[in-house]
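> Sharing a sequence plus its predicted fold:
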Amino acid sequence: MNILDKLKINHRPSAGALDLLKYIGPGLLVTVGFIDPGNWATNLAAGSEFGYALLWVVTFSSIMLIIIQHNVAHLGIVTGLCLSEATNKYMPRTLSRPILISAMLASVSTSLAEILGGAIALRMLFGMPIKVGAVIVTIACLGMLMTNTYSKIERWIIMFVSIIGLSFLYELALVDVQWGAAIEGWIKPTFPENSMLIIMSVLGAVVMPHNLFLHSEVIQSREWNLEDEPVIKKQLKYEFYDTLLSMVIGWAINSAMIILAASAFFKHNVMVDELDQAQQLLVPLVGSNAGAIFAGALLLAGISSTITSGIAGASIFAGFYGEAYNHKDLHSKLGVLLSFVPALLIIFIVGDPFKGLIYSQMLLSVQLPITVFTQVYLTSSKKVMGKFVNTRSTTILLIALGTLVTVLNVALLISLI
């Protein structure tokens, strides 16, 4: 055999960046929860009241989210199980059942907030009543989840996130941004007077229970070979790139919201604490197109986050039966319905749906520590993770972040009562 033949056999070309593209997607579904309507309201309040000063909170929260989401994705890759399945398999029923039931309730709470966000956008665009809009958003998202595979939904979500990002680029082009102040705001922590509630809201809303279940589900849905250690290591590496890229996109979109509010409202001394108000105020300041694009982007954010909340609910419920999410499976379908229908009923039954939204956030604040520390327990267990178990330093860091998120959510809960 000559040297050319040997080279042909031994040469294994690397696709490099093109190879990475195959692994992009799961993290963007998590990003949707990071730019949901709840985040919009908090970011607009932060920018309109404190200008560029609280941009550092988005930077810090994005770093925190990368660490926690990267860890739960490891669970999915290494075990081939989502967080719900792993909880069901590796924890005693006396613990796993209450944990998963509370997670299912958290999924309902999340769906309530996301459906409301989409309904608010429809009211902005077409003057549609909140309850009618909520029904339309719910039916549209049910239709997408019941008739599309995960891979198709992933492509829809990537398109939606792209449009949302482009929408904010357009909005920013219409206002006079003080980029020097923005850069300083991103890297310099400051605590303006009366800003702690907003800071807690931004940080506390970043890590959401359903996103932890969601990320572990979608990352393992690709059914990679779990027996080949080099393959696992490769998936872990590319998953980190996917998570990093997705969280940077989330950081950029959340930053754009604060910058828009700072540039359009703060310099005019206009306080904004409602999404409808923001859209109405944008029109006289920067034109009618800006208001319509703002509402359209909010609608896409509401639909996207409702879809991902439904997938998380399906994953949690299927986990009760030791199953993964499958849009054709009965348990997954029931999980989606159990996430959406109670949320829609609350919007109809509660006189003021926004009070229901506050109560839903309270439930999320209580449930979040349960999910975070369940994740840390599982990823720190050698029985579960084998040689890919968390290092001691990683476990300490995760416990510290989990404790921080818990304290922030409890403080926010107390402030709402």
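Arrived safely, thanks for sending.
> wait, doesn't T87 sit right on L378?
Yes. When contacts are counted by C-beta atoms under 8 Å, T87 is listed as touching L378 (7.1 Å). Bear in mind the C-beta positions are built from the backbone N, C-alpha and C, glycine included.
> which neighbours do the two share?
Common neighbours of T87 and L378 (criterion: C-beta atoms under 8 Å, 6 or more residues apart in numbering): none identified.
> What residues of the helix or strand hosting A278 count as buried?
Assigned by DSSP states H and E, A278 belongs to helix 275-286. For helix 275-286, burial by neighbour count (16 or more other C-beta atoms under 10 Å) applies to L275, A278, Q279, L281, L282, L285, V286.
> same check, this time on stretch 154-172
Neighbour-count burial for stretch 154-172 [16+ other C-beta under 10 Å]: E154, I157, I158, F160, V161, I164, G165, S167, F168, E171, L172.
> Of those residues, which one scores lowest on pLDDT?
Ranked by pLDDT, those bottom out at E154, which has 84.
> Low-confidence regions, the stretch 251-400 of the chain specifically.
351-358, 361 (pLDDT under 70).
> The stretch 1-150 of the chain too?
1-25.
> Check which helices and strands the strand or helix carrying V410 sits against.
Applying DSSP H and E as the criterion places V410 in helix 392-416. Other helices and strands packing on helix 392-416, by 3 or more C-beta pairs under 8 Å, 6 or more residues apart in numbering; DSSP states H and E, are helix 55-79, helix 196-204, helix 353-379.
> Who are the packing partners of the longest one?
It refers to helix 353-379. Of the remaining helices and strands, those touching helix 353-379 by 3+ C-beta pairs under 8 Å, 6+ apart are helix 55-79, helix 83-90, helix 93-126, helix 130-147, helix 209-220, helix 330-349, helix 382-385, helix 392-416.
> swap in the shortest one?
Under the contact criterion of 3+ C-beta pairs under 8 Å, 6+ apart, helix 196-204 touches helix 37-50, helix 55-79, helix 392-416.
> Looking at these, which is nearest to A140?
With C-beta to C-beta as the criterion, A140 lies closest to helix 37-50 of these, at 15.5 Å.
> got the buried residues for the closest one?
37-50.
> what's the angle between that helix and helix 55-79?
Between the axes of helix 37-50 and helix 55-79, defined by axes from the mean of the first three to the mean of the last three C-alpha atoms, to 10 degrees, the angle is 160 degrees.
> So what touches helix 37-50?
For helix 37-50, using C-beta under 8 Å, 6+ apart, the contacting residues are 54, 57-58, 113-114, 116-118, 120-121, 192, 195, 198, 201-202, 205, 254, 257-262, 265-266, 270-275, 278, 298, 301-302, 305, 361.
> now swap in stretch 364-373 and tell me
68, 83, 99, 102-103, 105-106, 109-110, 204, 207-209, 212-213, 398-399, 401-402, 405-406, 409-410, 412-413.
> and stretch 194-203, which residues are buried?
In stretch 194-203, counting by 16+ other C-beta under 10 Å, buried: S195, I198, I199, M200, S201, V202, L203.
> Check the gap between the first one and I158 for me.
Distance of S195 to I158, computed by C-beta to C-beta, to the nearest Å: 34 Å.
> Ok, the fifth one next?
Here the distance between S201 and I158 works out to 28 Å (C-beta to C-beta).
> Could you do the third one as well?
When C-beta to C-beta is the yardstick, I199 and I158 sit 31 Å from each other.
> ok, and the closest non-adjacent residue to L142?
F340 (6.3 Å; C-beta to C-beta, 6 or more residues apart in numbering).
> And G33, by the same measure?
N211 (4.4 Å).
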